[in-house]
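Engineer: Here is a sequence with its predicted model. Questions after.
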Amino acid sequence: MNPVTIVSGTAYPWGAKNIDTDVIIPAHWLKTISRTGLGRGAFETVRAAPGNIFDDPRYAGAPILIAGDNFGCGSSREHAAWALVDMGVRAVIAPSFSDIFSGNAFKNGIIPVVLPQEAIDRLVDAAADAPVTVDLETMTVTTGYQDRFPFTLDPFRRRCLMEGLDEIGLTLAQDTAISKFEGELAEHRPWIEERRGYEGIAVQSAGRT
């Protein structure tokens, strides 16, 4: 996962409420386990309408999406987060998020920013012709019109985003402690290491049959 500290640029001034994961990425795109290419299917049903915001050249490649309440509700598909990342979105600003979508967003390097509806309304207006910035250092959302909205994040999740740490990265960060523990285990409880050796031989033997 790539670290993210500041996301700045054009924002999709959408503001739509109750957008479920089937709208973010329709079910027929879920046959793949790849994280790439899903951006083509993101918001497919919305894009079917002429003049939709996602195909408006003014917002092409926008890294920020401004949405309404209850964003990411519906099924728990992680493909929704993958699709957003693949289309270039690194931050979503909304009054509230589905818990599962919010968790998937963090795991995929997307900043889910919660702001009150009044702030969302202002951002939708401002983003029509001014850049928006989400800053994890200052914990603020700002606009080219000098708007400034503070937000909060769980400190652990904020650290993971800023350092680019997912579950694998967090585990690898403890490599020294894990290696030390394994060394002490082998020294003080050698029978465990012997057991592991027997299991390894059994697995190898099974693989040859």
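Structural biologist: Arrived safely.
Engineer: Tell me how many other residues surround P50.
Structural biologist: Using other Cβ atoms under 10 Å, P50 has 6 neighbouring residues. Heads up, the C-betas are built off the backbone N, CA and C, glycines and all.
Engineer: Make sure it is indeed in a strand.
Structural biologist: No: per DSSP: H, G, I helix; E, B strand; the rest coil, P50 lies outside any strand segment and is coil.
Engineer: Show me the domain layout of this structure.
Structural biologist: As assigned by automatic domain parsing, the chain contains the domains 6-165, 174-208.
Engineer: Need the residue closest to the centroid of this structure.
Structural biologist: Note on the chain: the residue nearest the mean C-alpha position is A105, at 2.5 Å, using Cα atoms, centre = their mean.
Engineer: which residues touch that residue?
Structural biologist: When contacts are counted by Cβ atoms under 8 Å, 6 or more residues apart in numbering, A105 touches 72, 81, 84, 92, 97, 111-112.
Engineer: That one and D55, how far apart?
Structural biologist: 23 Å (Cβ to Cβ, to the nearest Å).
Engineer: cool, and S76?
Structural biologist: Taken as Cβ to Cβ, the span from S76 to D55 is 28 Å.
Engineer: do the same with S34
Structural biologist: 23 Å.
Engineer: Same drill for those two, tell me which one is more crowded.
Structural biologist: Of the pair S34 and D55, D55 is the one with more neighbours under other Cβ under 10 Å, namely 13 against 9.
Engineer: and that one, what does it touch?
Structural biologist: The neighbours of D55, taking Cβ under 8 Å, 6+ apart as the test, are R47.
Engineer: What are the phi and psi values at it?
Structural biologist: Main-chain torsions, D55, degrees, to the nearest 10: phi -110, psi 10.
Engineer: Distance check, it against T45.
Structural biologist: 13 Å.
Engineer: Repeat that for P13.
Structural biologist: In terms of Cβ to Cβ, P13 sits 19 Å off from T45.
Engineer: Do a quick rundown of the helices in this protein.
Structural biologist: In the chain, the segments counted as helices under DSSP state H are 21-24, 44-47, 79-86, 99-107, 117-126, 155-163, 167-172, 175-188, 190-208.
Engineer: where among the ones you listed is the average confidence lowest?
Structural biologist: Ranked by mean pLDDT, these bottom out at helix 190-208, with a mean of 58.
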